[in-house]
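Q: pasting the structure only:
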């Protein structure tokens, strides 16, 4: 029987790769155990914010303001600390995005299911938004947390997403993948000169595979 594949998000791969050796297994556990509260929260924590951001670019500004009002009202009334934080963080993320990136003229396109596969590791590389800007398709990853990604996490995520897009026939230029740091307003854009060889990602996958069973 073939060994079961290892499945992880591109953020998980990037964070493990960027972490100091002594902490890699600890970081990996957060992404490995998908049914844990923390892992589940990673995948759906900012769903309301992402929905509102897409509605903004579709021109539904009244709907966005309604969402902001509802989130703020519910957050201020919520007594559960974690639920209150989630509501208010979604409100903050929408507000920050509108301030820092809301003026970009983007057309929202249907989403793409992208994967990077290296031996026994399958990395999900879905963009948060597929857009058209100035006639060009672009893939965006949004970091809606309060802190920017550090240690090359954003860069490896973009590299992985670009390779996954190429594998399914999307001929995107390397600088048409972006990570938007919503809180700070910073942008991490793929290098115009091109990404390094995909062996960089394959090596990160190999390291993760070697760590998997011990995590």
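A: Looks like it came in fine. A quick note: this is a predicted structure, and the numbers were derived from the prediction, not measured.
Q: buried stuff in stretch 150-168?
A: Neighbour counts using 16 or more other C-beta atoms under 10 Å place 153-166 of stretch 150-168 among the buried residues. For the C-beta atoms, the positions are set from N, CA and C on the backbone; glycine is no exception.
Q: looking at these, which are in strands?
A: Assignment to strands by DSSP state E places none of those there.
Q: can you tell me the centre-most residue of this structure?
A: Centroid check for the chain by C-alpha atoms, centre = their mean gives residue 141 as the closest residue, at 4.5 Å.
Q: which elements pack onto the helix or strand hosting it?
A: For residue 141, the host element (DSSP states H and E) is strand 136-143. Where contact means 3 or more C-beta pairs under 8 Å, 6 or more residues apart in numbering; DSSP states H and E, strand 136-143 is packed against strand 129-133, helix 153-167, strand 177-181.
Q: give me the sheet partners of it and which way each runs.
A: When pairing is defined by DSSP bridges, strand 136-143 lines up against strand 129-133 (antiparallel), strand 177-181 (parallel).
Q: what's the offset of the last one from the middle of its chain?
A: The one in question is strand 177-181. 9 Å (C-alpha atoms, centre = their mean, to the nearest Å).
Q: show me the shaky parts of the chain.
A: 1-3, 34-43 (pLDDT under 70).
Q: circling back to that earlier point, export the helices and strands packed on strand 136-143 to JSON lines and append columns for distance to residue 214.
A: Formatted as JSON lines, the helices and strands packed on strand 136-143 follow (distance: least, C-beta to C-beta, whole Å):
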{"stretch": "strand 129-133", "distance to residue 214": "36"}
{"stretch": "helix 153-167", "distance to residue 214": "22"}
{"stretch": "strand 177-181", "distance to residue 214": "30"}
